[in-house]
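Engineer: Model the structure of this input:
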Amino acid sequence: MARYTGPKSKIARKFREPIFGPDKALEKKPYAPGMHGNGKRRAKKSDYAIQLQEKQKAKYTYGILERQFLNLFKEASRRSGITGENLLMLCESRLDNTVFRLGISPSRRGARQLVSHKHITVNGEVVNIPSFQLKAGDIVAVREKSKSLDVVKSSVEVNTRTFPWLEFDKGAVAGKFLQSPIREDIPENINTQLIVELYSK
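Structural biologist: Just a heads-up that it's a prediction; the model follows:
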């Protein structure tokens, strides 16, 4: 699956969840897209189809391509603990996701762009790799000359979200990655067990 750049509402309706954030289209039409609308009878999905859909939902949510996602799964499998929880932890530890969680960008897509365009630093050094894995104690900040960007200022001003594994200083426009998050703290509605079952076949 190439990185999706089409209508977000269509994908949100496909999974019947606001995976890209609040969506008025999803609220008005809380059913899968299609010419027959909500009246179309849909065949019962196989176990494989359900597992595949859950994997696709996770990939769309975090904006990760198949090869990257498979590599994250392999790394999650090598680590001690529950593979599914390790997988989500690795997704959350990505630099682009952390920039989004800190409120520096209103979306993961925007956060990925900020990172790619060299507006973000980690421990004082510019990092332009969205998939960069953060470690406990890492400081994520906006470059001094990029703090005046309208998209950054407006996002930081309206952001009210906080997460227990992150610490953010609005004045400095910088945050600290305190530790890897645990499953209970991650708000995404993703059934990782289905993904583990799919890759284990």
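
Engineer: which stretches of the chain form helices?
Structural biologist: 8-15, 24-28, 47-62, 66-78, 83-92, 95-102, 108-116, 150-158, 192-199 (DSSP state H).

Engineer: Can I get those helices in JSON lines including mean pLDDT?
Structural biologist: Listed next are the helices of the chain as JSON lines, based on pLDDT from 0 to 100:
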{"stretch": "helix 8-15", "mean pLDDT": "59"}
{"stretch": "helix 24-28", "mean pLDDT": "54"}
{"stretch": "helix 47-62", "mean pLDDT": "93"}
{"stretch": "helix 66-78", "mean pLDDT": "96"}
{"stretch": "helix 83-92", "mean pLDDT": "97"}
{"stretch": "helix 95-102", "mean pLDDT": "98"}
{"stretch": "helix 108-116", "mean pLDDT": "96"}
{"stretch": "helix 150-158", "mean pLDDT": "96"}
{"stretch": "helix 192-199", "mean pLDDT": "96"}
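
Engineer: Quick check: which of those helices is buried the most?
Structural biologist: Ranked by mean neighbour count, the helices of the chain are led by helix 95-102 with a mean of 25 (mean count of other C-beta atoms under 10 Å). Backbone N, C-alpha and C define where each C-beta goes, glycine included.

Engineer: And the contacts of that helix?
Structural biologist: For helix 95-102, contacts defined as C-beta atoms under 8 Å, 6 or more residues apart in numbering pick out 62-63, 91-92, 105-108, 110-112, 114-115, 120, 122, 127, 129-134, 140, 159, 161, 163, 166, 168, 175, 177.

Engineer: Would you map out the domains in the chain?
Structural biologist: Domain assignment for the chain, taken from automatic domain parsing, gives 8-90+188-199, 94-179.

Engineer: ok so, going back, of the contacts of helix 95-102, just the buried ones, PyMOL syntax please.
Structural biologist: Of those, the buried ones can be selected in PyMOL as follows, counting by 16 or more other C-beta atoms under 10 Å:
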select buried, resi 62+63+91+92+105+106+108+110+111+112+114+115+120+122+127+130+131+132+134+140+159+163+166+168+175+177
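
Engineer: quick one: which of the contacts of helix 95-102 sit in strands?
Structural biologist: Taking DSSP state E, the ones among the contacts of helix 95-102 that sit in strands are 120, 122, 140, 166, 168, 175, 177.

Engineer: which ones are touching the nearest residue to the fifth one once chain neighbours are set aside?
Structural biologist: Yep, that's residue 168 we're talking about. Among residues not flanking residue 168 along the chain, residue 175 sits closest, at 4.1 Å (C-beta to C-beta, 6 or more residues apart in numbering). By C-beta under 8 Å, 6+ apart, the residues touching residue 175 are 98, 102, 104, 139-141, 166-169.

Engineer: what sits against residue 132?
Structural biologist: 94-95, 115, 122.

Engineer: For residue 46, see how far away residue 168 is.
Structural biologist: 43 Å (C-beta to C-beta, to the nearest Å).

Engineer: swap that for residue 133, please
Structural biologist: 34 Å.

Engineer: Throw the contacts of residue 175 into JSON lines and include distance to residue 153, thanks.
Structural biologist: Output for those, formatted as JSON lines (distance: C-beta to C-beta, whole Å):
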{"residue": "98", "distance to residue 153": "19"}
{"residue": "102", "distance to residue 153": "14"}
{"residue": "104", "distance to residue 153": "10"}
{"residue": "139", "distance to residue 153": "20"}
{"residue": "140", "distance to residue 153": "17"}
{"residue": "141", "distance to residue 153": "14"}
{"residue": "166", "distance to residue 153": "19"}
{"residue": "167", "distance to residue 153": "20"}
{"residue": "168", "distance to residue 153": "14"}
{"residue": "169", "distance to residue 153": "15"}
